[in-house]
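>>> sequence and predicted model, in that order:
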Amino acid sequence: CEKQNCPVLKQKGESAQFRALMPVAFPRPSHETADKTKTLRNKWVFVSTDMGTGIDNLMDRLSYIHTNMTKLKKSPVAYCQLKVQEMIPPLLPINIARQTLFGLFTRHSLVFSNVPGPIRECSFAGKPVAGSHFFYNNLIPQVNVLSYCGSLFMNICLDPVAIPQSETIPVLFCQALVDFGSKLNVEVPDVLLDHAKKGK
């Protein structure tokens, strides 16, 4: 937003909202996974959270997001959402269900999905897997993060027509990570530094 000189950000400052939908998964009891045809089904809900885009200071923004995430984890919001999701949508006419879903997405800026993967190296066709990504096209931009073997693999699915200069997002993200590393006295890998320099 700052890079694009967003007028809303200039006007509202720290009160500017940038809300994300975050999937929250629930563990399933063994009787739900006993049927192998249903084992790969997910049990999850969306929860809404503000990402603190209007907060200028990087560390303050991180603290704000951390506080929000901690509150969500300790609150009954996700569980209540699950119960509502299980009981009400099946009873709604299809047009109202579609309108409700559309309204949910249009009131948020992106979907942020973080999936824990294997902590040990896996193999495929007898070869070690160096890395892995998952991609999910959605009604709004979606950020996908997968942890695998001590590393994070991240991407964003979006419409480049709807979001001009979206190719700068990875560069700006790398610059933010470099700034984090500098503030926390963490050594930054050369590959990250190289990516961050592309926008300067």
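Done, it's in. Numbers count the residues shown, from 1 in each chain.
>>> what is the mean pLDDT for stretch 95-105?
Stretch 95-105 comes out with an average pLDDT of 92.
>>> how about stretch 51-71?
Mean predicted confidence for stretch 51-71 is 89.
>>> buried sites along it?
51-55, 61-62, 64-65 (16 or more other C-beta atoms under 10 Å). Yep, even glycine has a C-beta here, placed from its N, CA and C like the rest.
>>> point out where this structure drops to low pLDDT.
Within the chain, the stretches with pLDDT under 70 are 1-5, 8-10, 12-14, 39-40, 199-200.
>>> quick one, helices of it?
Using DSSP state H, the helices found in the chain span residues 7-12, 30-33, 58-74, 77-87, 94-106, 169-183, 190-197.
>>> in CSV, list those helices along with distance to Phe124.
Output for the helices of the chain, formatted as CSV (distance: least, C-beta to C-beta, whole Å):
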stretch, distance to Phe124
helix 7-12, 44
helix 30-33, 24
helix 58-74, 33
helix 77-87, 33
helix 94-106, 34
helix 169-183, 26
helix 190-197, 24
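>>> which one of the ones you listed is the most hemmed in?
Of all those, helix 169-183 has the most neighbours on average by mean count of other C-beta atoms under 10 Å, namely a mean of 15.
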